[in-house]
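1. could you look at this predicted model? Sequence included:
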Amino acid sequence: MAAVKINELHKSDLPWILEYDESKCIQCGKCTAVCSFNAIKPAVEIRKKSNSITEKNKTERVLVIKQNISLDNYCRGCGMCANVCPNGAIRLIRNKDDKYSVAYRANKADSFKKGGRSNLNTEGRTLDKIKIGRISQMTDPSLDAQRHTFELRTPFGRVLKADKLNFDVKDGKIVETTQLPPNRWIYPIIFGDMSIGAVSWRMWEAMAIATAYLNEVMGIPIRMCTGEGGIPTKLLKSRYVKYMILQIASGHFGWNRIIKAMPDMTEDPAGILIKIGQGAKPGDGGLLLASKVARYVQEIRGVPRADLLSPPTHQGLYSIEESVQKMFLSMNAAFKFKVPVAIKVAASVTSVPVYNNLLRDPYNIVGGFFLDGLAAGTGAAHEISLNHTGHPITSKLRDCYLTAVKQGRQGEIPLFAGGGLGQTGSFAADAFKLICLGANGVFTGRMLLEIAGCVGSDTGKCNACNTGLCPAGIAAQNDNLVKRLDVDKVAQNLVNYILATDIELKKLMAPIGCSSLPIGRSDALITVDKHISTRLDIQYAC
Amino acid sequence: MCRIGAIKSKQKLHPSIALKLMRSQQEGHDDSGFAFVMQDMGGIFENYKELPLMSMAGTVEGARLAEDILRDIGFTRVMQWSPDINNKKGLKIEALPIYMFEALQYPKSYKHATKEEKEELLIDTSIRLRKALEGTNSGYIYSFWPDTLTLKEIGSPKDIGIYFNLWEENKDLTSSIITAQCRQNTNYDIVRYAAHPFFLEGYTGLVNGENTFYEKNKSYQERLYKGYLGFESDSQCLLYTLHYVHKILKWPLQYFKHTITPLSYDEIIKREDSDILLRIKASLEHLEVNGPNTFLGVTPDKELICVCDSKKLRPVVIGKHNDTVIMTSEVAGINDLMPDRNTEEDIYPNERETVVIKDDLTVERWQQ
Amino acid sequence: MTICKIKTLKNNNRMSTQELLQTIYKKIDEGQSEFEIEACGQHDIGGAVKAKSDDKTLLFKITNPGQRVGAMAMDGVKIVVEGSAPADVGWLNSGAEIVVKGDAGDTAAHCAAGGKVFIGGRVGTRSGALMKHDPRFEPPQFWVLKNTGSFSFEFMGGGIAVICGYDCDNLTSVLGNRSCVGMVGGVVYVRGNVEGLANCVEKLPLDKLDKDFLKSGMPEFLQEIEKTELEEELLDFSKWSKILPLPKELKEKKQPVKDFIKNEWFKEGLFGDLVEDDGKVYGLAETGDARLRKPEWDKDLCVACDLCLKNCPQNAIKKDLTKYISESEKCIGCGICAAVCPRQAWKMKNC
């Protein structure tokens, strides 16, 4: 047996410790068979047979389950082994004294990368300190979530001030005189932009199915943003493309096929989203590690199997004005000025100036402002970015809304907010509160992952989306892991979750007497935190 | 709840009719105030129709302050009227020392001014007066516009009527349009400015109800036009929206309803004018009104308008007899004043409807 | 006893509702059972009172009442309103016969659970909402000559409503819009166009019992509202229908997502031309090609100790003369064979 040396990696350095109860184990081998990270293994231990001094040297070889002590094949705490064990013989214990990230950097001379969410989210969330406090009871009766009709639609696309619509009146009726910027009425929840590649083909298809089903069967006009990782040509040429917001990010992956498909598209897409930044790692470009660049991903993106890095900015853009001209104008032109073109940026101290610049664009070609907050998730990021860069969504969304109010221009460029919504289990409430603070709608990726069976957490469980080895098949690019995901079931669950959310949104609209979205109805909100009250300009309550 | 009424006639009527209209609806309000606006004046104001008429109440200092400002701008007084006061003991009224109604001649420099220039002067003057009176807490300016007289007071409507001698008809104080409300704004502080009817540039509005989109409306309207101010009541928002849609945007009256209670998307897309209605819905999203409402209004064309919220959560009925039309919260009020009318012609507007009484008293009804 | 006449307006002094009602109570206590009231909008007239002696009907003849005429009115009471009445006529009526010869305002017969409400004109929004039927008593009846406003008969739980649609040919719906939302019981008979009904109810033709009911009730209704001349026109059943709550099993069911995928979605899947995917869903710990890892045997290292064979939990290893074979259809790739092998003749490879 080799000697143990202090400067090696030890089990006690790892983030998760395997707790193994030999008395319960029947050695069925399932735990090791299911581990996508190859982090545990069957092993043979040599033990002395008894404590008797007369039989002191007699040993026996015993089969046990052990964890690998390795920088590469280490336990992420996903818990699949424990799930599959028939006898509960395995448990994973979080290691408070984990030194893994030190060891990783010390050995690899590289920054540590991971997927999932920021793991430094320790203080209470602002949204949880806000309540809906203006309940209509007498003079303005509450509505009835069942009986009354509610409209959950919001404009997406540039909205012009009424006096800029250039309306004429003929025979007592208003008529249009000019082509106005495209504007669509969509559900206030958008399936957030997760690319093919970032998520598995099955996950992406399940989201697309849920989107189509919600629109066509349930009449809920939800939209899905494709992410930037190519789009199957089939989808582009189908009627379902009208529910899809196509994304263009700095890598421009997959746009060749989109352009080639344009002449054959029978429907316009729901919109275009120009991604400038991402809340989970602002100022950093997309990152798809080679392990996830499966053959089909290579094909639709037009790249070999390699780490795919999108630059942090769009090449060839010098300024916001430039971006308006190049990206917005070109994307508008690509679809004959009939499709709303929006932008997604990471929430930042500078979001307000950016929003102001877009509001003042004289050509009215900016159709939406998506603001992504710091608690957002990502398929892969440098941990340093994930944990230490970014800006919370709530106050920045509010700032943007109020800057528009100050100019009497609220609603002209619809605001959509995202980043960590539903983190504490109340997605509908988070969405509702952000809408009251001025958002036209919200977008979410994390909820979709959770609904699909993500086993990760915001406190360091799994977070291996970057590896392609997602044990739930969601962010996996290993065929056998991808096939763990049941497309029908995930699509159904996504649908169900949105139906539940729809009911819950109405249950919040009804008591404040709103039959349409309470965009900017901050008077409905109260907070028990004085600082939040001051910062967001909502009523303090105690 | 408020109880509201609007009366339009080919005859000139005395405000006692408004008191009588409201009398039977007394259980529906709380005896906290009475206010009315008269438009298209008769009686002693008949000959001053083109001239701005100031309706003001306040202290002696306030009256002096107002006079100073008017003189400073160049207005000259042409005629002044004050109501006879019956200050008998025990009346439930919080009266102010002075109630002043003055017809004024425009400044000389406006001799050749256009209608628009004159209107601009009137709104600027009225804002200046209001700010000055507010700053010194010395009075209220309710309207400053030709052919319009406003009186508002806190107290019991019956006693307010006695105090100003309004129960007795007389030929001096008459008009063809009278809008009135019995009640102060009891949701919040009792403030004279919060009492309906509200008036702005020839438009009058009064509301029985609540506007849960007040904050949204207000934050948008505050920057829409200088005359949109005060916001003491969530109902002012409806008047400002009527003014914005009809006067500033110059849209036909029927688009007012499309603005305050837009149809749902699903209904709009079935219509021929869906493009227009969706644009209006998006561009004027912040002027939507939610909550229970009946709105009664008067336009500068001397038309009455009536609309309800999209769930029809407040009552309203319209009755007509001979030369007079009455819109009011409850039919009891109309029954009192027009017992012999043909009730088969009573109109109960629905949640989609706009009812307009044209100047010649013909009725137009539009389904949204 | 003579009729008690009450005038509520003298000069400009109006009797308040409280004063009026207390006057009425006093008179009833004195044995008065017939009233003629010239009202001025007073509320609640005729409600929650009963004649002093049980064998007498308490009769109110009213002009110009305010809201809630006959609210909470009881058996043995008859209320007749000349002309129209505002909101809430017959609210919570538990047994009175209430006649309004003209129009009624919003929420007429709201929550009525007994007696009869007869309206000689139209009624407003939310009329008939929450009507109920206590099976120990006769069901409430609510007759309207013309039409109702929108949102009528919401959450109706029982009773009978008859909306005659007289003089309503110009209306697209004599029940307004979105009527019968949440209706679970009772029946609404309606004559004329109906649109925008809630999807929890169904509109059906009349059967014989329905017609018999209308035939027997119509003369009394028309007599009370003084429109007997309309009997023939209203009893022509060609324009009548009835509205009943849908049985639970018939309420709209949406197709599940898997049917949508089967019927509407891309036949070979969205990625059919990009990946090989037969759609099978793998469980955890699969065999064959679905394994994450598989063992490979090296004959040069093997000492034929059989430990692998003995320890394989799936019995997937078999010995063929001198060869060891892992049967892929049994093996889950657990790696036990590799672990127990003293010479590392089994090695695990990624699939």
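-> Yes, it's here. Quick caveat: nothing in here was measured; it's all calculated off a predicted structure.
2. show me the shaky parts of the chain.
-> By default, I'm working from chain A. A:1-2, A:119-123, A:138-142, A:147 (pLDDT under 70).
3. hm, I was asking about chain C
-> Using pLDDT under 70, the flagged stretches of chain C are C:1, C:250-252.
4. which residues does the longest helix seen in it contact?
-> Longest helix in chain C, counting residues (DSSP state H): helix C:208-224. With contacts defined as CB atoms under 8 Å, 6 or more residues apart in numbering or on different chains, helix C:208-224 is touched by C:80, C:97, C:99, C:118, C:120, C:141, C:143, C:160, C:162, C:187, C:189, C:206, C:228, C:230-231, C:234-235, C:237, C:240, C:242. The C-beta positions use only the backbone N, C-alpha and C, and glycine is treated the same way.
5. try 10 Å
-> For helix C:208-224, contacts defined as CB atoms under 10 Å, 6 or more residues apart in numbering or on different chains pick out C:78, C:80, C:97-101, C:116, C:118-120, C:141, C:143-145, C:160, C:162, C:164, C:187, C:189, C:191, C:204, C:206, C:227-231, C:234-235, C:237, C:240-242.
6. could you tell me which of the residues you listed are located in strands?
-> Applying DSSP state E to the contacts of helix C:208-224, the entries found in strands are C:78, C:80, C:97-100, C:116, C:118-119, C:141, C:143-144, C:160, C:162, C:187, C:189, C:191, C:204, C:240-242.
7. ok, back up a step: quick one, which of the contacts of helix C:208-224 are buried?
-> C:78, C:80, C:97-101, C:116, C:118-120, C:141, C:143-145, C:160, C:162, C:164, C:187, C:189, C:191, C:227, C:230, C:234-235, C:240-242 (16 or more other CB atoms under 10 Å in any protein chain shown).
8. do you know how far C:Arg68 is from C:Val81?
-> Plainly put, C:Arg68 is 12 Å away from C:Val81 if you go by CB to CB, to the nearest Å.
9. which neighbours do these two share?
-> In contact with both C:Arg68 and C:Val81: C:Ile45, C:Gly46, C:Val89, using CB under 10 Å, 6+ apart.
10. most neighbours among the residues you listed, please name it.
-> Neighbour counts for those peak at C:Val89, which has 37 neighbours (criterion: other CB atoms under 10 Å in any protein chain shown).
11. enumerate every residue touching that residue.
-> C:46, C:65, C:67-71, C:73, C:79, C:81, C:98-100, C:103-110, C:112, C:117-119, C:123-124, C:127, C:142.
12. the residues you listed: which ones sit near chain B?
-> Counting by CB under 10 Å from any CB of the partner chain, C:Pro65, C:Gln67, C:Arg68, C:Asp103, C:Ala104, C:Gly105, C:Asp106, C:Thr107, C:Val123, C:Gly124 from those sit close to chain B.
13. now name the helix or strand holding the second one.
-> According to DSSP states H and E, C:Gln67 maps onto no helix or strand at all.
14. number of residues surrounding it?
-> That count, for C:Gln67 with other CB under 10 Å as the rule, works out to 26.
15. that one reaches C:Ala39, doesn't it?
-> No: applying CB atoms under 10 Å as the test, C:Gln67 and C:Ala39 come out as separate, 11.1 Å apart.
16. who touches both of those two?
-> B:Ala332, C:Thr17, C:Ile45, C:Ala85.
17. for the third one, what are its contacts?
-> If I follow you right, that is C:Ile45. Applying CB under 10 Å, 6+ apart, the residues contacting C:Ile45 are C:6, C:8, C:17, C:20-21, C:24, C:35, C:37, C:39, C:60, C:62, C:65-71, C:73, C:79, C:81, C:85.
18. again, 7 Å this time
-> Under the criterion of CB atoms under 7 Å, 6 or more residues apart in numbering or on different chains, the contact list for C:Ile45 reads C:Ile37, C:Ala39, C:Phe60, C:Ile62, C:Pro65, C:Val69.
19. how about it, secondary structure?
-> For C:Ile45, the assignment made with DSSP: H, G, I helix; E, B strand; the rest coil gives coil.
20. what is the neighbour count of the residue lying closest to it once chain neighbours are set aside?
-> Excluding its sequence neighbours, the residue lying closest to C:Ile45 (CB to CB, 6 or more residues apart in numbering or on different chains) is C:Pro65, at 5.1 Å. By the measure other CB under 10 Å, the count of residues near C:Pro65 is 32.
21. surely C:Pro65 touches C:Ala85?
-> Yes: counting by CB atoms under 7 Å, C:Ala85 is a contact partner of C:Pro65 at 5.3 Å.
22. from the chain's centroid, how far away is the longest helix of chain C?
-> 27 Å (CA atoms, centre = their mean, to the nearest Å).
23. in that helix, what counts as buried?
-> For helix C:208-224, the neighbour count (16+ other CB under 10 Å) marks C:Asp210, C:Phe213, C:Leu214, C:Gly217, C:Met218, C:Phe221, C:Leu222, C:Glu224 as buried.
24. state the distance from A:Val352 to C:Ala104.
-> With distances taken as CB to CB, A:Val352 is found 56 Å from C:Ala104.
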